[in-house]
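Asks: predicted structure and sequence below. I'll ask about it afterward.
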Amino acid sequence: MRKIKKILGWGVVFASIFISFAGGFPYGQPKEIPKTLAVMKEEMQRNFDALQKEQIPPYFMSYSIDQVSTQMVTGSFGAVSSKDENKTAYLQIDVRVGSYHLDNSHELRGDPLGRSRVIAGGSSRSPLDEAPEALQVILWQGTDRAYKNALDILARVKSEKTLKVEEEDKSDDFSKVESHTAIAKPLTLKVDLEKWAAKIRKYSEPFRAYPFMMSASASFVNEVRNKYLVNTEGTMILTPVNYMRLQISATAKGDDGMEFPLYASYFGFQESDLPSDDRVLKDVDSMAATLEKLRAAPLVDPYTGPAILSGKASGVFFHEILGHRLEGHRQKSAQEGQTFKKKVGELVLPDFISVVFDPTLKELGGFKLSGNYEFDEEGTKAEKVDCIDKGIMKNFLMSRTPIENFGHSNGHARGMPGMKPVCRQSNLIVESTKKLDEAKLRRMLIEECTKQNKPFGLVFQEIAGGFTLTGRTAPNAFNVTPLVVYRVYTDGRPDELVRGVDLIGTPLTTFSKIIATGAQPDVFNGMCGAESGSVPVSAVSPSILVSEIEVQKKAKSQEKLPILPPPPVKK
């Protein structure tokens, strides 16, 4: 939706990507069910039984509570600007009336932005600590509201059925899944914020030495989520997950007003997963040096031609232009472009590329993966999904909302705390059987440029993120935001750092242009933002060689550099 700092956004529908992570913990039968979970189960059954006496009773209910504890410190130019500890609990109530075939979750075609879904979600705040009496009242009131909203929406759904054209997808609205009981011990993981405040000062202070630096900051976040979920099918789970992330950001400004952001991001499940001070400070120096070069780098005019995308860049590329089009609910909605709905069994990528999504992996090849989880937001166990096998379209990412020919969840219902989940990406992994070392890939780039009579090709080394449009009301296109791009000349001149480009295109055309991949995968970890909020994702991919890519001029500020000189830096 916007950009990243590492973002994936949404709109009509819009999606984008930015920096983060996740974790997993062992489960087992507890000696005693946690009080909060016990109250949720008891009240759910009491309310469900009471509502069976109504003319239109619910056929399914679920309660989920996300308890989120956050420690955060941020700073800029050597000073701490904020330091905070916070704890919040979000309650989500799902009441379904009708039947598995047709219920109140059915898309209202007169409500393209899904406002009714937000209302019907039953989201509210929950007690932070065990408070059975208070929780009982909140659940009682919330269930009453959710039930009434569900009745209202079901009536509108049935009305639309008679007034609007017949729907293309006649699949059910909800699918049955295996119930689970999986209760882990609630996680409490605290860090010394004073220690991290000192680190934030240390990491952001070196940027003061560069007068062209318009902004420079560092931030650390430690987030712990404990999810409690029960439903009337018998599922009862308590799943903890934690995130630690460190991000360094800096932005320089050129004489022509163009701004150049760079990021260095790190994540882990514990402090020992994060880099040493020496490693971070080395990256800070490298960022500053690159920003200084970018200010003097030449602008790139709109261009089409061969290009190499590094592993991180191609990870974002696949996330944006492929991954969002494999999310199941986008195949069902009348508002969506449904790029791949009718392409199951067809070749959609080169036959040397396969794409899987595997949320069960916590790390791969030494890389921690942020899209890891054990149960999705509907309480379904996470599964590995082979979406594309040797270029052939095979499967979609599914929640409990079926689509035509795909009637079951594979554990990809996701959403941020307090938001209704939909099908979302997890750990995207690109695999290739046509692997070339980087030197050979570079030679192929030059050969392809020569063949096309192009004086140079482009190498996209760093990418911040981007967004994609998947709906029918706007061009089905993508826009990815490069940060560090080089020209590679066919006549042997040294590579040249350039600036001022956005990577654009349409998916089916771009996929057909991939001609080879590198041998070494890299990882982009980020937060993907779409209609169910921001969720942690990973993209693992080798670098790719594309025979034709298109870039356009990026937007730039019209504001001049500051008139006043920067403050002197004390030695």
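Replies: Happy to help now that I have it.

Asks: show me how far the lengthiest helix in the chain is from its chain's centre.
Replies: Longest helix in the chain by number of residues (criterion: DSSP state H): helix 132-163. Helix 132-163 sits 29 Å away from the centroid of its parent chain (C-alpha atoms, centre = their mean, to the nearest Å).

Asks: give the next helix or strand downstream of that helix.
Replies: Counting by DSSP states H and E, the next helix or strand C-terminal to helix 132-163 is strand 181-183.

Asks: buried stuff in that following strand?
Replies: Within strand 181-183, the residues scored as buried using 16 or more other C-beta atoms under 10 Å are Ala182, Ile183. For every residue, glycine as well, the C-beta is placed using N, CA and C.

Asks: quick one: mean pLDDT for the helix or strand following it?
Replies: Where DSSP H and E defines the elements, the next helix or strand beyond strand 181-183 is helix 193-204. For helix 193-204, mean pLDDT rounds to 97.

Asks: what is helix 193-204 packed up against?
Replies: For helix 193-204, the packing partners by 3 or more C-beta pairs under 8 Å, 6 or more residues apart in numbering; DSSP states H and E come out as strand 58-76, strand 79-97, strand 213-231, helix 277-296.

Asks: redo the ones you listed as CSV? Include distance to Gly457, mean neighbour count and mean pLDDT.
Replies: What follows is those, written out as CSV (distance: least, C-beta to C-beta, whole Å; neighbours: other C-beta atoms under 10 Å; pLDDT from 0 to 100):
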stretch, distance to Gly457, mean neighbour count, mean pLDDT
strand 58-76, 38, 22, 97
strand 79-97, 42, 18, 96
strand 213-231, 31, 22, 96
helix 277-296, 20, 16, 95
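
Asks: can I get those in a markdown table with distance to Arg414?
Replies: Shown next, in a markdown table, are the helices and strands packed on helix 193-204 (distance: least, C-beta to C-beta, whole Å):
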| stretch | distance to Arg414 |
| --- | --- |
| strand 58-76 | 12 |
| strand 79-97 | 13 |
| strand 213-231 | 12 |
| helix 277-296 | 30 |
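
Asks: of those, which is nearest Val348?
Replies: Closest to Val348 of the helices and strands packed on helix 193-204 is strand 79-97 (C-beta to C-beta; 33.6 Å).

Asks: given that closest one, what are its sheet partners and their directions?
Replies: Looking at strand 79-97 with DSSP bridges, its partner strands are strand 58-76 (antiparallel), strand 124-125 (antiparallel).

Asks: would TSV of the ones you listed with distance to Ala38 be doable?
Replies: Listed next are these as TSV, based on distance: least, C-beta to C-beta, whole Å:
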stretch	distance to Ala38
strand 58-76	12
strand 124-125	20
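
Asks: out of the ones you listed, which is closest to Val280?
Replies: Comparing the strands paired with strand 79-97 under C-beta to C-beta, the one sitting nearest is strand 58-76, at 13.1 Å.

Asks: quick one on the thing from earlier: tilt between the longest helix of the chain and strand 79-97?
Replies: 60 degrees (axes from the mean of the first three to the mean of the last three C-alpha atoms, to 10 degrees).

Asks: by contact count, what packs against helix 132-163?
Replies: helix 35-51, strand 58-76, strand 79-97, helix 115-120.

Asks: what's the angle between it and helix 35-51?
Replies: Interaxial angle of helix 132-163 relative to helix 35-51 (the same axes, to 10 degrees): 50 degrees.

Asks: give me the longest strand you can find in the chain.
Replies: Ordering each strand of the chain by length in residues (DSSP state E) puts strand 533-553 first.

Asks: can you tell which of the helices and strands packed on helix 132-163 is closest to Ser105?
Replies: Ranking the helices and strands packed on helix 132-163 by proximity to Ser105 (C-beta to C-beta) places strand 79-97 first, at 6.5 Å.

Asks: next up, the contacts around Thr360.
Replies: Neighbour list for Thr360: Asn372, Glu374, Ala382, Glu383, Lys384 [criterion: C-beta atoms under 8 Å, 6 or more residues apart in numbering].

Asks: 10 Å instead?
Replies: If a contact means C-beta atoms under 10 Å, 6 or more residues apart in numbering, then Thr360 has Gly24, Leu369, Asn372, Tyr373, Glu374, Lys381, Ala382, Glu383, Lys384, Gly411, Ser426, Asn427 as its contacts.

Asks: can you read off the pLDDT for the closest residue to Glu205 other than its chain neighbours?
Replies: Spatial nearest neighbour of Glu205, excluding adjacent residues (C-beta to C-beta, 6 or more residues apart in numbering): Gly78 at 3.2 Å. pLDDT recorded at Gly78 is 95.

Asks: Thr509 reaches Ser547, doesn't it?
Replies: No: using C-beta atoms under 10 Å as the test, Thr509 is too far from Ser547 to be in contact (11.2 Å).

Asks: from Phe406, how far off is Glu327?
Replies: Here Glu327 is placed at a distance of 12 Å from Phe406 (C-beta to C-beta, to the nearest Å).

Asks: shared neighbours of these two, which are they?
Replies: Common neighbours of Glu327 and Phe406, using C-beta under 10 Å, 6+ apart, are Phe396, Leu397, Met398.

Asks: most neighbours, which of these?
Replies: The residue in the shared contacts of Glu327 and Phe406 with the most neighbours, by other C-beta atoms under 10 Å, is Leu397 (29 neighbours).

Asks: cool, thanks, signing off.
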